[in-house]
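Visitor: the sequence isn't on hand, but the structure is:
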């Protein structure tokens, strides 16, 4: 079957080359070109004007001081200097973002994989488990934030009601504690997402591979780690990308809980605070955004290079 | 192979299976518990839960809070706002993305791979990176009164819909391009021989074959656009225009928050996506995994 598919793949460029050679520039009529121009032009324009243009503008603005109304004055690296040395919330925010990444990567993603493996072994009621575990993913992060308050608030929260005790813990108000609670809520949502991705991946693993490993005397554990997991590489890459991007983008939950203050600072919250609030420190907010951009671009480019290699192999 | 299995390992396996069931059941219940608690809390009056706690037996159950959230706090209006943003957003995104994917995957236009990369990378950027310049830009672009009562793109649905589309295009192009590559080329070649132009090849030949992928993406995109929180918050200043997720904050009082009312609001906001998910589960999961399973 693979041989046939390879043949097909090779055949495509050949016929195309022949056709292009014979028909030359008349491959598309004028009407075709008009359709292409308009229907490719609009999305490309949208993407450039609303995504990449603003990205570049953010980079530019980060070197200026601007309050959004007055003149834009060049400031060089002053914003960055302030950010790294004097802005008190910056390093805590970086730490929280990193914590988010580690927590999702070390707990949520492997847990999702574990659940996927268990469900994939063909237990009964797998549909029920799958749906329930996946349910939190369809919730708005804002709703997740509110439900977290319902459970964790100090005076009436369900958790404190269970624990009892005379000195109730302020789960979401204590600046040393609240980030962990929010991370739990984030995990609640991330696990199901990862699980579904792995479930789909596991279904596409060739069963003869597992059989071959079993015949060679591999234990179930060896089979999984040495045979199955390596074949899931594309899924691993996607899960990695999603985990990184989610933890850099994290915003909604903390914003719903307390607008990202008092122990819940995140880079995204700092950007929003600096540009929307009364502060109007657009240049400074942009500098924080650029830090976010640089970190995420590192991961995005790595990922795309991988994709590109796959593309060439096709 | 099963024939040779001796009774002892079989028993061990069934015990292991029981363990797996117990584990999955506990985890599932733990995952459901917060939602069930929210529903339970929303049905009980504040005085009762304040006095006896959330785990007490109910003395009084009613839908009062739902009525209050829907009627007094005007959540119905915010639901409409969400639909005004999400429905055109999803339709236009799917239309534009499917054409770009078609051009990249099927017409093999020059620079197609670069195009694919640009769109995909755009979808992965943190939203905060583009927020500031867009905020300024939207404030600068005037619109006639009949299009926006704020006379600018800022504080109008145009802003939110446009950004949603631009942002989600990346994901849809990526997924659809992968999907279209798996379609047989022969049909398209036959269409070319029959003299079909680009539009006919897209609309009549390719799109009908993409129906499963479009259904999957549509479901997924609807929940994403509906769930979005940031764009509404940033680009709309008139409280009456907010989508329902951003408006949830309105249920919070200035000095006192009735958490049971908030629970009712949360359940109401979550309900549409949960219903969509339960009804179209197959599509939903397919949408997430279309991009992933084909490496």
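Guide: Thanks, I have the structure now. Since the structure is predicted, the reported quantities are computational estimates derived from the model, not experimental observations. Residues are numbered from 1 along each chain as shown, chains lettered A, B, ... in the order given.

Visitor: okay, the residue in the stretch 101-250 of chain A that chain B sits nearest to: pLDDT?
Guide: Distance from chain B to each residue of the stretch 101-250 of chain A (CB to the nearest CB) is smallest for residue A:234, at 3.0 Å. (C-beta placed from N, C-alpha, C; glycine too.) Note on residue A:234: pLDDT of 79.

Visitor: list the buried residues of the strand or helix carrying it.
Guide: Assigned by DSSP states H and E, residue A:234 belongs to helix A:233-249. For helix A:233-249, the neighbour count (16 or more other CB atoms under 10 Å in any protein chain shown) marks A:234-239, A:241-249 as buried.

Visitor: past it, which element shows up next along the chain?
Guide: Downstream of helix A:233-249, the next assigned helix or strand under DSSP H and E is helix A:252-258.

Visitor: got a list of contacts for that next one?
Guide: A:140-146, A:148-149, A:172, A:178, A:182, A:185-186, A:260, A:264, A:266, A:269, A:272, B:229-230, B:233, B:248-249 (CB atoms under 8 Å, 6 or more residues apart in numbering or on different chains).

Visitor: related to what we said a few turns ago, which neighbouring elements make contact with the helix holding residue A:234?
Guide: helix A:90-103, helix A:109-120, helix A:178-203, helix A:267-276, helix A:282-313, helix B:281-293 (3 or more CB pairs under 8 Å, 6 or more residues apart in numbering or on different chains; DSSP states H and E).

Visitor: 7 Å instead?
Guide: If you count contacts as 3 or more CB pairs under 7 Å, 6 or more residues apart in numbering or on different chains; DSSP states H and E, helix A:233-249 packs onto helix A:90-103, helix A:178-203, helix A:282-313, helix B:281-293.

Visitor: can you give the contact residues for it?
Guide: With contact meaning CB atoms under 7 Å, 6 or more residues apart in numbering or on different chains, helix A:233-249 is reached by A:97, A:100-101, A:104-105, A:109, A:190, A:193-194, A:197-198, A:201, A:268, A:292, A:295-296, A:299, A:303, A:306, B:124, B:126-127, B:292, B:295.

Visitor: who's in contact with residue 109?
Guide: Defaulting to chain A. By CB under 7 Å, 6+ apart, the neighbours of residue A:109 are A:194, A:239, A:243.

Visitor: meant chain B, my bad for not saying
Guide: Residue B:109 makes contact with residue B:103 under the criterion CB under 7 Å, 6+ apart.

Visitor: any idea how far residue A:254 is from residue B:233?
Guide: Residue A:254 sits 13 Å away from residue B:233, going by CB to CB, to the nearest Å.

Visitor: model confidence at the closest residue to residue B:145 other than its chain neighbours, what's the number?
Guide: Closest residue in space to residue B:145, ignoring its immediate chain neighbours: residue B:151 at 6.4 Å, by CB to CB, 6 or more residues apart in numbering or on different chains. Note on residue B:151: pLDDT of 86.

Visitor: just give me the neighbour total for residue B:151.
Guide: As a burial measure, residue B:151 scores 13 neighbours (other CB atoms under 10 Å in any protein chain shown).

Visitor: kindly report the same for residue B:76.
Guide: Residues near residue B:76, counting by other CB under 10 Å, number 13.

Visitor: you'd agree it is up against residue B:69?
Guide: No - Residue B:76 lies out of contact with residue B:69 (CB atoms under 7 Å); the separation is 9.5 Å.

Visitor: buried ones in whichever helix or strand residue A:150 is part of?
Guide: Following DSSP H and E, one finds residue A:150 within helix A:141-152. The neighbour-count check on helix A:141-152 (16+ other CB under 10 Å) flags A:141-152 as buried.

Visitor: what helices or strands is that helix leaning on?
Guide: helix A:158-163, helix A:178-203, helix A:252-258, helix B:7-42, helix B:259-279.
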